[in-house]
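1. A predicted structure for the sequence below; I have some questions about it.
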Amino acid sequence: MPEMSDGLRVACWEIPGDASVVGKVRAMVKEALGGWQLSCLADDVTLVVGELLANAISYGEPPIRVSLWAGDGDLFVWVTDHGAGRPHRLDLGLDSTHGRGLAIVAALAHGHGVTPLTGATGKTVWARWSHSSARHHDRPGK
């Protein structure tokens, strides 16, 4: 994974619009986090990546890109697609079997949002974790 001179670490992948790749992308994200000594965040980050990527494949338009950025105490995940729609949380009943992706992102990430693409149709859905504090807390199984 590239590392910039200022310590910024970056990993980006172009993703086909095919749900069968979600597991492979999650594995690549987990490997990158391990290489960056951020394995303590891997479970939460890979789950969020899977949710955001599944949404981009299901409701967005290619090209789809997954990006990780780590530096200055923060880790960002960006999932960019070129669909016109914007993600939104659904008001779901207890029996619903899907539609909880953004609620999962909100529960696991320290911050999240949607940024429209400038000069093009599409958006980047992002999530952020503070990795400086993540190194100092122990959660069972992490």
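-> Arrived safely, thanks for sending. Residues are numbered from 1 along each chain as shown.
2. Got phi/psi on W129?
-> Dihedral angles of W129 (phi, psi; degrees, to the nearest 10) stand at phi -130, psi 140.
3. nearest spatial neighbour of it, skipping sequence neighbours?
-> Distances taken as C-beta to C-beta, 6 or more residues apart in numbering put L75 closest to W129, at 4.7 Å, once the chain neighbours are dropped. In short, each C-beta sits where N, CA and C put it, glycine included.
4. okay, and for the protein, where does confidence drop off?
-> Under the criterion pLDDT under 70, the flagged ranges of the chain are 1-6, 88-100, 133-142.
5. Distance from the chain centre to the longest helix anywhere in it, please.
-> Looking across the chain with DSSP state H, the single longest helix is helix 42-59. Helix 42-59 has its C-alpha centroid displaced from the chain centroid by 6 Å (C-alpha atoms, centre = their mean, to the nearest Å).
6. Show me what the helix or strand following that helix is packed against.
-> For helix 42-59, the following helix or strand on the C-terminal side (DSSP states H and E) is strand 64-71. Strand 64-71 is packed against strand 9-15, helix 22-35, helix 42-59, strand 74-81, with contacts defined by 3 or more C-beta pairs under 8 Å, 6 or more residues apart in numbering; DSSP states H and E.
7. Now tabulate those in JSON lines and tack on distance to L68 and mean neighbour count.
-> JSON lines is the format used below for the helices and strands packed on strand 64-71 (distance: least, C-beta to C-beta, whole Å; neighbours: other C-beta atoms under 10 Å):
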{"stretch": "strand 9-15", "distance to L68": "5", "mean neighbour count": "16"}
{"stretch": "helix 22-35", "distance to L68": "6", "mean neighbour count": "16"}
{"stretch": "helix 42-59", "distance to L68": "8", "mean neighbour count": "20"}
{"stretch": "strand 74-81", "distance to L68": "6", "mean neighbour count": "21"}
